[in-house]
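# here is a sequence together with a model predicted from it:
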Amino acid sequence: MASHKTIIYQIFTRLYGNRNQTCKQNGTIEENGCGKMNDFTPTVLKNISQMGVSHIWYTGVIRHATTTDYSTYGIPCQHPAVVKGRAGSPYAITDYYDIDPDLAVDVNRRMEEFEQLVERTHKAGMKVIIDFVPNHVARQYQSVCKPRGVKDLGEDDNPQNGFDPQNNFYYCPGQRFTPYFDLYHGETEPYIEEPAKATGNDCFHNAPGQNDWYETVKLNYGVDYYAGRVGHFDPIPDTWKKMTQILMFWADKGIDGFRCDMAEMVPADFWAWATKQVKAKFPELVFIGEVYNPNEYRHYVASGFDYLYDKVGMYDTMFQIIRHQQSTQAITGNWQQTDDIREHMLYFLENHDELRIASDFFAADGRKAIPALVVNALMQQNPFMLYAGQEYGEHGMDHEGFSGHDGRTTIFDYWAVGTLCRASRKTLTDEERQLYDLYKKVLNIARKEKAVSEGLFYDLMYVNQQYHRQYMFLRKAKTSQLLVVANFDDTTAKVEVCIPAHAFEFLGLREKTYTANDLLGNTTSVVELKADQTVPVEIAGRSAVILKLK
């Protein structure tokens, strides 16, 4: 078991260091600017580390489809008809062996700049996670940086076969790619794809719609979707071998983990095969899976995943509780559903796919999620993830271009994030600074308190069923013990926390009078713990009390 809790900080690399606040809708890279890997200086990384972060997930560092022309550097141009936004989606990969040129100061040395970023991050005491996008690639995928002797995806395919276990793609023989949109998209020549390849979101015909992942093509792992998802895994499909080579390539660069996009759309049989090979050589490397079907969680854990998104359970529940649409009693049911694999569940309140907490479509105020932050970060030993800007209450209410007015920070456009710019200039508002200070305090408690990183967890809600906007629990490791009470209500709550006799037995607590230091409020009080008796606790609205008992 880890001696320190894992805290993952997701950074959309293209946006993080960009200080150009022109923010022109649909602006080019020349107009709106772009963050660079070199923006992560030792000082910047030190500040991130001091927030309590153990891992940085650098999102979007592998080369993906974009409308920006880098042909003078030997990088193939992408047709704008099959690129979403000016900057393009980081999940439409155009070369698995290359670094995105947007992120480099010197495009010709972009891989070297990435390797230096990995080294700087390690020197700052943190580990590096990057994306692995296994389910689909950009429609015009072409590797110009693959190592000698490596064949490109699709290079040996027989496109006359809709499905072949050894093909890398699925095809629509005799049919041209004819989506809903104009294939010219301002160019003199149209985008032509014949025969059409299947689209990334399991769209196995030649005419994807507006809501399909039309800019991507589905990779073939030996599953015949045309025959009802029949698997052909013997002999090993060619795609398995090529994708495992890619994992090994990046692991050799010294990274510490992969966040695997839409992992459940790739057969678990592949993951079991690939993770076994990768971990044989890199035993400390972690795999984080984006898996949304709870019925498949244990299957993917057994296939080598260290952590899985707890989206459908814990995230969705917290979303509703923050908005006062569900009782805090629901938290108990959620952790119980995954209790046997609890160390594998990754908790989060924001990521690049989800609404910003402070957006008008979620809570309209980042401070309203403070109790959820405390609960998710402290209730178990499993990892917690936050998204850059969350710690300042980023609103995500810009209309950047391809990304509309949707309460999310764009992943398709060249843009600058307001709170990150203000943080770099030290011009945060008082509210933003206060929220950041609180995040820093909570995350460091999660990292450093033995009761959190190593201790047992005891949910107190079953003996406190009268409370529906508060959540309370105990954590204990040897002499380190915490009583945590979070208040999701808007007003101050005075609660009587019952601590059952079973808690004393399970945790090895002693009935006695304790000095209690509130780690958030920096106050000291006296608390008497007795079996089946109550402890009075007063908590401000949308806040929490973390009592360290001595």
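Perfect, thanks for sending it.
# what about Arg120, which SS state?
Following DSSP: H, G, I helix; E, B strand; the rest coil, we place Arg120 in the helix state.
# run a quick check on it versus Pro42, I expect a contact.
Yes: contact criterion Cβ atoms under 8 Å: Arg120 and Pro42 qualify, at 6.1 Å. The way it works is simple: take the backbone N, C-alpha and C, and place the C-beta from them, glycine included.
# neighbour-wise, which of those two wins?
Arg120 (19 against 11; other Cβ atoms under 10 Å).
# what sits against the more buried one?
Contacts for Arg120 (Cβ atoms under 8 Å, 6 or more residues apart in numbering) come out as 40-42, 45.
# same check on Lys46?
Ala124.
# can you tell me the SS state at it?
helix.
# what packs against the helix or strand hosting Arg475?
Assigned by DSSP states H and E, Arg475 belongs to strand 470-477. Contact here means 3 or more Cβ pairs under 8 Å, 6 or more residues apart in numbering; DSSP states H and E; on that basis strand 470-477 packs against helix 370-378, helix 450-453, strand 456-459, strand 480-487, strand 493-499, helix 501-507.
# how about the ones you listed in a markdown table, adding mean pLDDT?
Shown next, in a markdown table, are those (pLDDT from 0 to 100):
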| stretch | mean pLDDT |
| --- | --- |
| helix 370-378 | 98 |
| helix 450-453 | 96 |
| strand 456-459 | 98 |
| strand 480-487 | 97 |
| strand 493-499 | 98 |
| helix 501-507 | 98 |
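# want to throw the ones you listed into TSV with distance to Phe114 and mean neighbour count?
What follows is the helices and strands packed on strand 470-477, written out as TSV (distance: least, Cβ to Cβ, whole Å; neighbours: other Cβ atoms under 10 Å):
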stretch	distance to Phe114	mean neighbour count
helix 370-378	30	25
helix 450-453	30	22
strand 456-459	38	18
strand 480-487	39	25
strand 493-499	48	18
helix 501-507	46	16
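# thinking again about what came up before, name the nearest of the contacts of Arg120 relative to Lys151.
Taking Cβ to Cβ as the measure, Phe40 is the one of the contacts of Arg120 closest to Lys151, at 34.0 Å.
# helix/strand/coil for the residue nearest to that closest one when sequence neighbours are not counted?
Excluding the flanking residues, the one nearest Phe40 by Cβ to Cβ, 6 or more residues apart in numbering is Leu117, at 5.8 Å. The three-state label given to Leu117 by three-state DSSP is helix.
# neighbours of Leu117, how many?
Residues near Leu117, counting by other Cβ under 10 Å, number 23.
# contacting residues around it?
37-38, 40, 58, 128.
# from Glu432, how far off is it?
Distance, Leu117 to Glu432, using Cβ to Cβ, to the nearest Å: 27 Å.
# and for Asn522?
From Asn522 to Glu432 the distance is 21 Å (Cβ to Cβ).
# dump the residue contacts of the residue most central in space within the chain.
The centre of the chain sits closest to Asn351, judged by Cα atoms, centre = their mean, with a distance of 5.2 Å. Residues in contact with Asn351, defined by Cβ under 8 Å, 6+ apart, are 10, 385, 387.
# what do you get if the cut-off is 10 Å, keeping everything else the same?
By Cβ atoms under 10 Å, 6 or more residues apart in numbering, the contact list for Asn351 reads 8, 10, 12, 57, 59, 259, 290, 309, 311, 315, 385-387, 390, 408.
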